[in-house]
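> Here is a sequence together with a model predicted from it:
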Amino acid sequence: MSGSGRPGSRDPEASRERESSRDRESSREGDASQDEDYERAGLAGRLVPGTSPALLLVDPARAYVDPDCPLYAGVEPAVDAMKELLAGARRAGISVVVTRVRFRADGSDGGVFFRKVPTLRVFAEGSPYGDFIDGLSPTADELTVTKQYPSAFFGTSLAAYLTANRVDTVLIAGLSTSGCVRATALDAMQHGFVPVVVEEAVGDRDPDVHAANLFDIRHKIGEVWPIGQVMDYLAGRGERP
């Protein structure tokens, strides 16, 4: 017979659950405290999306979902959300832009970025890791933007395209949250577009880094909306000016 029933003995599983519960409660209290601190500092502004949105899928590349690739990030749930979001955008008839990263074989067009992050070689010409994830490829009527740096705006014609199509709001999904998604959201704001990052449809290799960047985007750069709110917005039921 197990000794687990002796007086004073502890159930390890129950102990772990209690510790996990305390950790979750502490995390919630910490988040609330951070929110309050940022609000006191005046970092709680709010942007209202406009009436002419576009969807921007940032780098939905095989590299992030193929376990054989060094950039594999375990972001399959975010990919599923991206597919749902893309289907909703197409039903709504809004502009869709999908970005990809491609470098010359020697990386010479990647400059300092390529030297800083040597694993970017997986996006060199001819590598399958730079291909779009199945189900996230743009159609012939949708814009593909090829880039060499984190922001989808840097060194591309994206801003001109969005302006020409009278877009005022950019719904942002893709990979990864702390890198190209954040850089793109920042540049969208700096170009005068309202950036709305779709919470479930972005991902990163580290959940803490992911959460920290979403927190910072929400307080300093744009809006972070759950996918349900975005789908309502696309269907005309969400918040409009």
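Okay, I see it.

> Please list the outside residues in contact with stretch 140-149.
95-103, 109-111, 113-114, 138, 152, 154-158, 161, 183 (Cβ atoms under 8 Å, 6 or more residues apart in numbering). Glycine gets a C-beta too; all of them are placed from N, C-alpha and C.

> for the lengthiest strand in the chain, packing partners?
For the chain, the strand that runs over the most residues, judged by DSSP state E, is strand 194-203. Counting contacts by 3 or more Cβ pairs under 8 Å, 6 or more residues apart in numbering; DSSP states H and E, strand 194-203 packs against helix 76-92, strand 169-175, helix 182-190, helix 207-220, strand 223-225, helix 227-234.

> Okay, angle between it and helix 207-220 too, please.
When axes from the mean of the first three to the mean of the last three Cα atoms, to 10 degrees is applied, the directions of strand 194-203 and helix 207-220 differ by 170 degrees.

> Pairing partners for strand 194-203, with directions?
strand 169-175 (parallel), strand 223-225 (parallel) (DSSP bridges).

> center of this structure - which residue?
Nearest to the mean C-alpha position of the chain, by Cα atoms, centre = their mean, lies V202 at 2.7 Å.

> Is it correct that it is in contact with P77?
No - contact status for V202 versus P77: not in contact, 10.7 Å apart, counting by Cβ atoms under 8 Å.

> what sits against L43?
By Cβ under 8 Å, 6+ apart, the contact set of L43 is 219-220.

> where does this protein have low pLDDT?
In the predicted model, the chain carries pLDDT under 70 at residues 1-31, 237-241.

> Weed out the non-buried ones from the contacts of stretch 140-149.
95-103, 110, 114, 138, 152, 156, 158, 183 (16 or more other Cβ atoms under 10 Å).
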